[in-house]
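Colleague: coords please:
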Amino acid sequence: MAERKSITVSLQVKELMYDITNKAYLTGKAREANGMDYKASSNMQASEDEENSYQLRRSLTTAFSGLKSILGEYLDENKTTTDNLLTDAVDSDGILTLGFKMPSNYNSSSVDAMGKGIHAYLVDLTLSEWFAISNPADAKYYSDHSVQSLAVVEKALYKRSRPERPVYDNGEFGVTT
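Modeller: Residues are numbered from 1 along each chain as shown. As a prediction, the model looks like this:
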């Protein structure tokens with residue numbers, strides 16, 4: 001019987017936070033260019049300042065926890081307690097890690113798609129919560145996009161390799177040549 005494959009997805013919180021704040025900035029600039037009041041567009045542009053950062057990090061922690069539940073079928077975790085604190089890795093710009101135990105026929109070429117999809121999902125869901133507060137008109141776009149990102153993750157999670165046909169030696173199973 002073949003062994004299960006161990007897959008690890010590691011995400012740098014600094015990269016997630018940069019992507020979140022950069023997309024909020026670009027969205028705000030685009031809205032201003034399309035006629036939104038400069039003050040309103042400025043308020044929707046998230047920053048790493050304390051008053052913005054805490055909300056973004058809280059939303060990121062919530063998105064990550066929810067993702068672990070969604071991907072739980074293959075997630076290799078034995079945590080049995082929880083609390084309402086920010087995840088240490090999120091609070092300290094550390095690394096978020098997901099370890100999976102996959103079937104032996106898991107197609108490892110899908111690992112990158114899974115990692116990039118998880119990154120996109122977390123960014124999109126965090127932005128959705130941010131814009132629900134700062135600019136509700138944009139919240140739906142990021143919420144919808146997070147669903148698309150999750151579909152990429154799930155497709156990558158369920159990729160399997162085709163089985164290989166066995167090769168037999170002469171004389172095995174009574175076959176002779």
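
Colleague: pLDDT of the biggest helix by length in the chain, averaged?
Modeller: Secondary structure of the chain read by DSSP state H shows that its longest helix is helix 111-134. Model confidence over helix 111-134, given as mean pLDDT, is 96.

Colleague: And the most centrally placed residue in the chain, how close does it get to residue 82?
Modeller: Compute the mean C-alpha point of the chain, and by CA atoms, centre = their mean the closest residue is residue 118, 1.9 Å away. Relative to residue 82, residue 118 is positioned 20 Å away (CB to CB, to the nearest Å). Every C-beta, even on glycine, is put in place using the N, C-alpha and C of the backbone.

Colleague: Likewise for residue 111?
Modeller: Residue 111 is 28 Å from residue 82, by CB to CB.

Colleague: These two - which one has more neighbours?
Modeller: For residue 111 and residue 82, the more surrounded residue by other CB atoms under 10 Å is residue 111, and the numbers stand at 18 against 7.

Colleague: my read: the more buried one touches residue 6, true?
Modeller: No. Taking contact to mean CB atoms under 8 Å, the distance of 11.0 Å between residue 111 and residue 6 leaves them out of contact.

Colleague: Point out where the chain drops to low pLDDT.
Modeller: Under the criterion of pLDDT under 70, the regions of the chain flagged as low confidence span 1, 171-177.

Colleague: which residues does residue 32 contact?
Modeller: 38, 41-42 (CB atoms under 8 Å, 6 or more residues apart in numbering).

Colleague: change it to 10 Å
Modeller: If a contact means CB atoms under 10 Å, 6 or more residues apart in numbering, then residue 32 has 38-42, 44-45 as its contacts.
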